[in-house]
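[1] Structure for the following, please:
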Amino acid sequence: MNNWQEWIGYLASALVALSLLMSSVKKLRWINMSGAFVFTVYGALIDSWPVLLMNAFLVVVNIWYLVKLNNKNLHLYLKKEDWHDPLVQKFMDRFKTDIEHYYPYFNYKNNDSELRLIYDNYEIVGFLTGNLVDDKILLDTLYIHNSYKGYNFEEKLFESNRLVQKAYSADEYGFSLISEPAKNYLKQFKISP
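    Okay, the predicted model is just below:
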């Protein structure tokens, strides 16, 4: 085997390994598909049909799931909830480490802000907190758990919900009604006020 062919195999392995480190399902699929494609080329170069066929199949599977991800039909709605509700406590406990990564001072056990859970159908996918002021909400916290981060979820949330749209737009004095930590959180989705 030629040395350059071996390096193509290493590149393919590195791409597949990198794909498994992605928290976004969409990124995982794109990088994994790239790795499978390079493995397909590698299989052809070394004349290995099992490597070629298996990875060509993985390319097709990844394309199928990427199409499915782009066509995911989200049914979003917000529901006001009580902080002491067991369902809220369970969600907050489950994603505590990730929430604290974005909002280090967030404390759900001692919080008097208004809480709205974000649902897709009947599944809780995130939450927002804030205080209502003249039919607008000062958005302190917005969080969506990782399995929903590849679906343009945040954009759909802002498009579909009047309360969130008001929070995200500037008021009549030109001040944004969104906290700095929430702005920083939204930057990862390329949404900026």
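[2] Helices of the protein, start to end?
    Under the criterion DSSP state H, the chain contains helices at 3-19, 25-45, 49-70, 86-94, 96-102, 153-160, 162-168, 180-187.
[3] ranking the ones you listed by burial, who's on top?
    Greatest average neighbour count among these goes to helix 25-45 (a mean of 19), per mean count of other C-beta atoms under 10 Å. In this view, the C-beta of every residue, glycine as well, is placed from N, C-alpha and C.
[4] Show me what that helix is packed against.
    Helix 25-45 sits against helix 3-19, helix 49-70, with contacts defined as 3 or more C-beta pairs under 8 Å, 6 or more residues apart in numbering; DSSP states H and E.
[5] how about those helices, which one is nearest residue 143?
    Nearest to residue 143, of all the helices and strands packed on helix 25-45, is helix 49-70, at 20.6 Å by C-beta to C-beta.
[6] contacts for the closest one?
    By C-beta atoms under 8 Å, 6 or more residues apart in numbering, the list of residues contacting helix 49-70 from outside reads 12, 25-26, 29-30, 32-33, 36-37, 39-40, 42-44, 150-151.
[7] rerun that using 6 Å as the cut-off
    When contacts are defined by C-beta atoms under 6 Å, 6 or more residues apart in numbering, helix 49-70 is touched by residues 26, 29, 32-33, 36-37, 39-40, 43-44.
[8] Mean pLDDT lowest where, among the helices of the chain?
    Within the helices of the chain, confidence is poorest for helix 162-168, with a mean of 51 (mean pLDDT).
[9] Now do the domain split for this protein, please.
    By the assignment in automatic domain parsing, the chain contains the domains 3-70, 76-187.
[10] end-to-end on the first one?
    According to C-alpha to C-alpha, to the nearest Å, domain 3-70 extends 39 Å from its N-terminal end residue to its C-terminal end residue.
[11] Quick one: residues contacting the nearest residue to residue 141 once chain neighbours are set aside.
    Nearest non-adjacent residue to residue 141, counting by C-beta to C-beta, 6 or more residues apart in numbering: residue 129, 4.3 Å away. Applying C-beta under 6 Å, 6+ apart to residue 129 gives the contacts 113, 115, 140-141.
[12] hmm, try it at 10 Å
    By C-beta atoms under 10 Å, 6 or more residues apart in numbering, the residues touching residue 129 are 83, 103, 106, 108, 111-116, 137-143, 179, 182.
[13] Return the per-residue confidence for it.
    86.
[14] That one and residue 77, how far apart?
    Residue 129 sits 17 Å away from residue 77, taking C-beta to C-beta, to the nearest Å as the criterion.
[15] With residue 125 instead?
    Taking C-beta to C-beta, one finds residue 125 at 11 Å from residue 77.
[16] Looking at the two, which is more packed in?
    More crowded of residue 125 and residue 77, by other C-beta atoms under 10 Å: residue 125, with 21 against 13.
[17] That one - nearest residue in space that isn't next to it in sequence?
    Excluding its sequence neighbours, the residue lying closest to residue 125 (C-beta to C-beta, 6+ apart) is residue 148, at 4.7 Å.
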